[in-house]
Structures are given as C-alpha cells and as structure tokens.
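1. Quick one: sequence and predicted model below, then my questions.
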Amino acid sequence: MISKLSPTLLLWMAGLGFLASSLTSCDKEETPELLVPETYTFENVDYSGQITRLDMLTQLTNYMKTANGGAAVDAAVIKAMFANSGNPFGDAALDGSGKQLRDKCFELDREYFEAWMDAMEAVSSTGLPAADGQAGIGTSGSSSWVFDANGIEPVQMIEKGLMGAVFYYQAMAVYLSDERMSADNETVTPGTGTAMEHYWDEAFGYTAMPVDFGAAYDNSALRLWARYANGRDPLLNCNEKLALAFRTGRTAIGAKDYALRDEQIAIITETWEEVCAGTVVHYLNEAIVEIGDDAARNHVLSEALAFARSLKYNPNRRISLDQLAEFEALLGENFYQVTLQDLRDARSLMSGIYGFESIEESL
Amino acid sequence: MMPALTPIVFRLFPALMPNAVLLTAVLLFPSCEGEGPATTSYDRRALLEHYADNLIVPGYQQFGAACSDLESAWDSFEAAPGAESLDLLRQRLITAWTAWQNVAPLDFGPALDRGLLGFVNTFPPDSNTINIHMDAGSWNLDQVTNFDAQGFPALDFLLFSRSPEATVAAFSVAGDAAQRRAYAGTLVERLALLASSVQQDWENGYAASFPEGDGVDVGSSLGKLINAINRYYERDLRDGKVGIPLGVRSLGIAQPERAEALYSGESRALAVAGLVAYENWLLGGADASAPDAPGLDDYLDAVDAQYNGQPLSDEIRAVLAEAQTSLRDGVTLPLNEAVLAEAGAVQNAYTSLQRLLVLIKVDLPSSLGILITYQDNDGD
C-alpha cells in the first residue's frame, strides 16, 4: 500500500504526522497529566500535630505578653509550656496532646531560649520604666513592651526565635530534607497517607498557611509565618509562590514525580528564607523611621534581630554565619547605642545578600 | 513569578497549548489589587513634579537659609555676647524652628536617610545629658540616645532657660562658658549642615527622580509621601505637639513638661505654624496667587471621592480649617500652660486634629489606592 503512494505525498504525511504529534505533546518526556488543585486539598492529610504546636506558641506568647500590661511572668510557667509538662496550658487539647515545642526545637538552642525565658521573668518584674541600663516597660503611643537593660525585648527573641527554631527548622531541615523525602511512598496509611506524603503535609502545617492561601490574603485570618509572608507579599509575591509550591509538591509526590517535587522544595526553601530576610529588612525600615522613639525602635529592632537569628535554621540558607555575625555586630548589643548609619548598613547588608536593593526601602 | 509558573502549567495542562497565546496573555497581565482606581487618567506625575519643584525644594531652601542665618547669628553672639546679639540669636532660632514646620512631615527620601527629623526636633530636651556633654567636653550626637540633646529643643534649653542677662553671663563670664559655647556652636553647625545636606540631596537629583515613581504601589513616590505625612501628622503633630502634653497618653493627666519649645514658650505658635504648613501637602499650595496648583484634593476630586454624599476634598478642607481655628483662636497660651489653664480649648483642638487624621489616614488613601504601611500590623 505504502509503495503506491508518491514520495511527495509520503513526505506530506510524514510532515503532517510530525506536526500533529508536536501539537499534542509539548514535552519530550512522557509525563502524566498532573492536576494541581487550587487549594491544599488531598486525600489523607493530617498536620494536626503541627497546628497544636502553633497553638502552643500562640498561648506561650500570649502569656509572656501579659508583662506588657505590667504583670510579672514566671519563667517556670513559660518553660513548662515550652516542654508541655504539668498541664501548663489549662487546655486539654494542648495539655493532653502529647506534643511539645521543646523536643522539636533545634537541639543546640533549647537552653538559649530557656535563658531568654529567665530574662523574660526578670524584666517583667522591675516595675520600672525601660531605659539604657535599666530593664522595664517602654511605651510608645498606646503600646507598651518590656525590655532588658540593653533595650532588647525578650518576647520577640522567644516568639520569633521559636518560629525559626521549631517551625522553620523542622520544615526545612527535617521534613523536606533528603532523608525524610526518601521515605516510603507506597504504603498508604488511612488518614495520614504515605510516609513521604505525611512529612510533606507536616512541613506545610508549620507554615500556618490556610489551605486556600494566595496573594493578598486577609491578614486577620493569618498568624505566625503565614502572616509575615502576607506582609511581604506585595513586594515579594511570596504567598502564591509558597502555596503553589506546596500544592504542586504534594501532587508530585502523589504522582511519584520526584524531580518535580524537588523543584518545589527549592522554591519553598528560597521563598521562605526571603520571607524571613524580607521581614528583617521591614523591621529595620521601621526602626529607621522610629529611630527617635526608644520603645518603638527597640521593639522593632528586637523583631529584626530575632528574625535574623532565625535565618540560620535553614540548612540551605543563602546567608553565611559570618554574614549573620556581621549583621549582629552592626545592631550591637545595646539598642540604645545604635546609630542611623548602623541601621542603614545592616539593611544594606541584608538587602545585598538577598537581592532586595531595589525594594529595600519599601519592604 | 511568571516564568516559574508558565512551564508548570503547560506541563500539567498540555491541552492548553493551543490556547497558549491567550493563556500567556492572561498570565502575564493579571489584574493586581491595590492598583487604585484603574479608570482615572489623573496626571500623578504632574502632581509629584509640582510638589517637588514648587513646595518641597523651596521648603528645604527656606529651611536651609534659616539655619544658615541662625549660624551667622551664633557667630555674632559668640564673638560679642550681649543683649542685642542674644536677642538676634533667639529670633533666628525661632525663625528657623518655624521654617522647619514646612518640611518636617517629609520624613522620607533624603530626610529619612539623614535622620533629619530625629536630629533636628526630638523633644523634650534632656537637660541632664546636655550638661554632662558640656562638662565632659565630648559627645557622640549620632547615637540615638543623644537625639534629645541636640537640635532645636536643646538650643531652646541653652538659649531660653534663663533670663537674657543670665544667659549672656552663662555664655561669656561663667566658669564653664567655654564648654557651653563649644556645645552650642556644635549644635548650630550640625543643624545647618544637616539642613543643607538634605536640601542638596533634593536639588541634586532626588527632585528629578521623585516624579518618576508615579504609580500608587508601595514604594511609589505618592505612597512614600502620603505615608510620611500621615505618620508625622499622627505621631508628631497630633500627639507630639498637642496630645501628649494634654495627657491623652497618660490617662488624662497633663504632661506640660513634654510640650515643644518649653523654654521659649513657642509651643502654640509652632503648632499653629505646623498645622498651617500642613495645608500644602493636602491642597498642593493652592491659594489666591496660584489657584490651579494641583494637590491631593484635586486628585480626590478627579476620582470623585465622596464623604457622606459630598466631595471628600470639601470635608478635608472644612475639618482642616476647623482644626486651625480651634488651635489658633481657641488656645491663647503656650501649650505647656494651656494644658493646665485652658484644658478644654486644647481638648477641642485635639478632637479636631483627630477628625482630620481619620480623613487623611483612612478616606484619602483608600480613595487613591494608596496603602498605609507604617502601622505595625503584625499583631504586636
């Protein structure tokens, strides 16, 4: 039959055939059609343990913040909440959860945070106004915060520090690590999925993102890392990047497409770090604007320092430990002694590392 | 964002390929929230040019000149301390302090980069630290802890806290007169240098590039301007000049010692001057001589911004006038005295100031699509 066809016709058929196949398959590899859902909706998703820990940090922070209204707080109580020992929350869902923040906190820094908890107690009971060399309460407008003698706010060091040392650390260094991402992806446990799927969901849980997270989300519905991502979203477009990467990665795992999964891990790693670094720059900007107001400046500088210290918990971080040390040296040990130039240099340092130069003033 | 998104979508939805062009168009030109009224053709660039060239640069030039005049009055006083030279020096201080009101709200760009607001006008002055500096003969005025030991408030303390005769004596024949002269001289020089630096920053480039950021996004020039003037109005004008001395931040207990210009008694005059100067930012400096000068009020009219069925610009003008009247005519004493002797009048003024704040911080920005970013909304 074919021998009856003219060479020209054969050529046309071949050409059309080639054209047809190239129109219907734009990929050289045979990838299955993957449908990434618009929300984080999959079978067998359970990150309740992560939500429990988010709740624990929220409660712990609320307790610490009673000091801002003049209450004396007890380090033993904060530490008990940290370790979930002795029913510290007065809430059966948390007390009886079998979860804690402490054992998921980066090991080498557990005592560092407990030292800040001791400091928290000390600053909360002076009954004095905060000043250079004197711990106590500093007020700006209708807000008050408690500071140590160097103008550093223990609440920020603990809250933002634990956001880094527990949530960011667990997601980046544990759940999305090569080790966990090599886990079994065949056996489905009802309710939690495969081991690999479960680790992925747990990483997602630590972001505090709602399942329908996306650009310009309602801030009042957010907390912890998701809230800070939302704050940087206008300039970094991080909400959509993170939400889509998590949804795509979970879909990829379901399809056993590990190359696609790993691409999402790279996006998550890069974007979450940018949220953290961008937040440092944001608070430096606030410090520059509030530079003459001791309480306001020291409050936002404490946030900047705490978020900066959290950058180290990502094993694939862009910033080096030397650069972090340089940053801390610019802020100095006493926030009453900073200069405008120090703050601007710290901002330039951070912006330079992350490529924020063109937006640094607006972050 | 777009490059990362596109390949995934096409890999995941190969059937979309034929519609690639349409999909690309949809992906590449999303509608962004916060872009403001999309249908206006208001010339923001012209507005920014007018503000930069006709309000801001002249404002800084006037301020720079006043600080330079202050410096020459200081030189004369230092060379020949006496009643006349002190009188001129005091006058020039108040003139410069008044000229400051015209540019004080512009805490963005060069002024923010150089810390102008903090260095020039942090009050009340810390007389303790000032005395320590003079005794020690050394100081670091860049440290945040010394903002309240320099600038106009410190000079107010140094030049007005005693009678003219005693002041002249303190600067000429007293035992520590030399240290006193050294410190005051440093403060005056530093003021003049900061003023001229910011002025030059604007003249030598910032004024030219300011109109180029003519969007309404975070980081646009209009965004920076509106955020800065709002922050200044709320924190430094409404609270700093009036509210805090009145007692609104201290459970209703007046804090007269926290008023501006305590020693010269100029707090009321400076507050009035500040509020009058603030008009420029809202109305674009439009007056009888230049009725068509574009201002934020015109922009509001162009987008048909309304307030209770009336143009928002009308409401802003009315409340601004009311605030000015309540402060200028309702309060007669310097604010440190008025918060004790005429507390009701000061309270009225504060109430008017508060009404204006709501209009310029909520209604104005939302009508123009500008995001107010200076409030720490992270829940702390």
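-> Sure, I can see it.
2. Phi and psi next, for the closest residue to residue A:313 other than its chain neighbours.
-> Nearest residue to residue A:313 in three dimensions, chain neighbours excluded: residue A:169, at 3.9 Å (C-beta to C-beta, 6 or more residues apart in numbering or on different chains). For every residue, glycine as well, the C-beta is placed using N, CA and C. When read as degrees, to the nearest 10, the backbone of residue A:169 gives phi -60, psi -50.
3. wait, residue A:169 sits on residue A:311?
-> No - with contact defined as C-beta atoms under 8 Å, residue A:169 does not reach residue A:311; the gap is 11.0 Å.
4. pLDDT value on the residue nearest to the spatial centre of chain B, please?
-> In chain B, the residue lying closest to the centroid (C-alpha atoms, centre = their mean) is residue B:105, at 1.5 Å. At residue B:105, the model reports a pLDDT of 98.
5. Could you check how far it is from residue A:313?
-> According to C-beta to C-beta, to the nearest Å, residue B:105 stands 41 Å off from residue A:313.
6. Spell out which residues belonging to the stretch 151-300 of chain B are near chain A, please.
-> The stretch 151-300 of chain B comes close to chain A at residues B:217, B:218, B:219, B:223, B:224, B:231, B:235, B:239, B:249, as judged by C-beta under 8 Å from any C-beta of the partner chain.
7. Just the ones in strands from these, please.
-> Per DSSP state E, strands hold no members of these.
8. ok, of these, which one's closest to chain A?
-> residue B:219 (3.3 Å; C-beta to the nearest C-beta).
9. Quick one: neighbours of residue B:173, just the number.
-> Per other C-beta atoms under 10 Å in any protein chain shown, the neighbour tally for residue B:173 reads 9.
10. Would you check how far apart it and chain A are?
-> From residue B:173 across to chain A, the span is 35 Å (C-beta to the nearest C-beta, to the nearest Å).
11. With residue B:88 instead?
-> Separation of residue B:88 from chain A (C-beta to the nearest C-beta) stands at 30 Å.
12. May I ask you to confirm that residue A:68 belongs to a helix?
-> Yes - applying DSSP: H, G, I helix; E, B strand; the rest coil, one finds residue A:68 inside a helix.
13. contacting residues around it?
-> A:137, A:143, A:144, A:145, A:146, A:155 (C-beta atoms under 8 Å, 6 or more residues apart in numbering or on different chains).
14. Where is pLDDT lowest across the residues you listed?
-> residue A:143 (90).
15. Just name whatever secondary elements the helix ranked longest in chain B is in contact with.
-> Using DSSP state H, we find that the single longest helix of chain B is helix B:177-201. The contact analysis (3 or more C-beta pairs under 8 Å, 6 or more residues apart in numbering or on different chains; DSSP states H and E) places helix B:177-201 against helix B:57-79, helix B:109-113, helix B:116-121, helix B:127-136, helix B:151-160, helix B:164-172.
16. What angle do helix B:151-160 and it make with each other?
-> Helix B:177-201 runs at 150 degrees relative to helix B:151-160, counting by axes from the mean of the first three to the mean of the last three C-alpha atoms, to 10 degrees.
17. Name the spans of chain B whose pLDDT lies under the cut-off.
-> Applying pLDDT under 70 to chain B flags residues B:1-40, B:375-380.
18. one step back: buried sites along the very next helix or strand once past the longest helix of chain B?
-> Next helix or strand after helix B:177-201 toward the C-terminus (DSSP states H and E): helix B:207-209. Within helix B:207-209, the residues scored as buried using 16 or more other C-beta atoms under 10 Å in any protein chain shown are residue B:207.
19. Could you list every helix and strand that helix B:207-209 packs against?
-> Counting by 3+ C-beta pairs under 8 Å, 6+ apart, helix B:207-209 packs on no helix or strand.
20. what about the helices in chain A?
-> A:7-24, A:48-65, A:75-83, A:92-95, A:110-124, A:154-162, A:169, A:195-207, A:224-236, A:238-254, A:258-289, A:294-310, A:321-331, A:340-354.
21. phi, psi of whichever residue of the stretch 201-350 of chain A sits closest to chain B?
-> Per C-beta to the nearest C-beta, residue A:292 is where the stretch 201-350 of chain A lies closest to chain B, at 3.7 Å. Per-residue torsions, residue A:292: phi -90, psi -10 (degrees, to the nearest 10).
22. How much space separates the closest residue to it other than its chain neighbours from residue A:305?
-> Excluding the flanking residues, the one nearest residue A:292 by C-beta to C-beta, 6+ apart is residue B:118, at 3.7 Å. As judged by C-beta to C-beta, residue B:118 and residue A:305 stand 21 Å apart.
23. what does residue A:188 give?
-> From residue A:188 over to residue A:305 (counting by C-beta to C-beta), the distance is 44 Å.
24. and residue 228, how many residues sit next to it?
-> Just going to use chain A. Neighbour count for residue A:228, taken as other C-beta under 10 Å: 23.
25. wait, I meant chain B there
-> Counted with other C-beta under 10 Å, residue B:228 comes out at 21.
26. now the one 5 residues further on
-> When neighbours are counted by other C-beta under 10 Å, residue B:233 registers 22.
27. can you map out the helices along the stretch 251-380 of chain B?
-> B:267-283, B:296-302, B:312-328, B:335-341, B:343-358, B:364-368 (DSSP state H, counting those that start in this stretch).
28. between those, which gets nearest to residue A:212?
-> The closest of the helices of the stretch 251-380 of chain B to residue A:212 is helix B:364-368. By C-beta to C-beta, the value is 25.0 Å.
29. Would the closest one count as contacting chain A?
-> No - contact of helix B:364-368 with chain A (C-beta under 8 Å from any C-beta) is absent, the minimum separation being 14.4 Å.
30. and that helix, what other elements does it pack with?
-> helix B:221-231, helix B:296-302, helix B:312-328.
31. From residue B:107, how far out is the residue nearest in space to the middle of chain A?
-> Nearest to the mean C-alpha position of chain A, counting by C-alpha atoms, centre = their mean, stands residue A:225 at 4.4 Å. According to C-beta to C-beta, residue A:225 and residue B:107 sit 31 Å apart.
32. Counting neighbours, what do you get for residue A:231?
-> Residues lying near residue A:231 (other C-beta under 10 Å) number 22.
33. Could you do residue A:103 as well?
-> Neighbour tally, residue A:103, other C-beta under 10 Å: 12.
34. residues touching it, list them.
-> The contact partners of residue A:103, taken as C-beta under 8 Å, 6+ apart, are residue A:83.
35. Repeat that for residue B:176.
-> Neighbour list for residue B:176: B:134, B:135 [criterion: C-beta under 8 Å, 6+ apart].
36. Equivalent analysis for residue A:242, please.
-> Residues near residue A:242 by C-beta under 8 Å, 6+ apart: A:207, A:209, A:213, A:229, A:267, A:268, A:271, A:272, A:275.
37. phi, psi of the third one?
-> Residue A:213 adopts backbone torsions of phi -60, psi 140, taken as degrees, to the nearest 10.
38. pLDDT wise, what is it at?
-> On pLDDT, residue A:213 comes in at 98.
39. Count residues in the vicinity of the closest residue to it other than its chain neighbours, would you?
-> Among residues not flanking residue A:213 along the chain, residue A:243 sits closest, at 4.3 Å (C-beta to C-beta, 6+ apart). Other residues lying near residue A:243 total 25 when counted by other C-beta under 10 Å.
40. Touching, residue A:191 and residue A:43? I think so.
-> No - counting by C-beta under 8 Å, residue A:43 is not a contact partner of residue A:191; they are 9.5 Å apart.
41. Tell me, what's the model's pLDDT at residue A:141?
-> Model confidence at residue A:141 (pLDDT) stands at 79.
42. Could you check how far it is from chain B?
-> Distance from residue A:141 to chain B, by C-beta to the nearest C-beta: 7 Å.
43. cool, residue A:33 as well?
-> From residue A:33 across to chain B, the span is 7 Å (C-beta to the nearest C-beta).
44. Same question for residue A:40.
-> Going from residue A:40 to chain B by C-beta to the nearest C-beta gives 16 Å.
45. Counting neighbours, what do you get for the closest residue to that residue other than its chain neighbours?
-> Nearest non-adjacent residue to residue A:40, counting by C-beta to C-beta, 6+ apart: residue A:211, 4.1 Å away. For residue A:211, the count of nearby residues is 15 (other C-beta under 10 Å).
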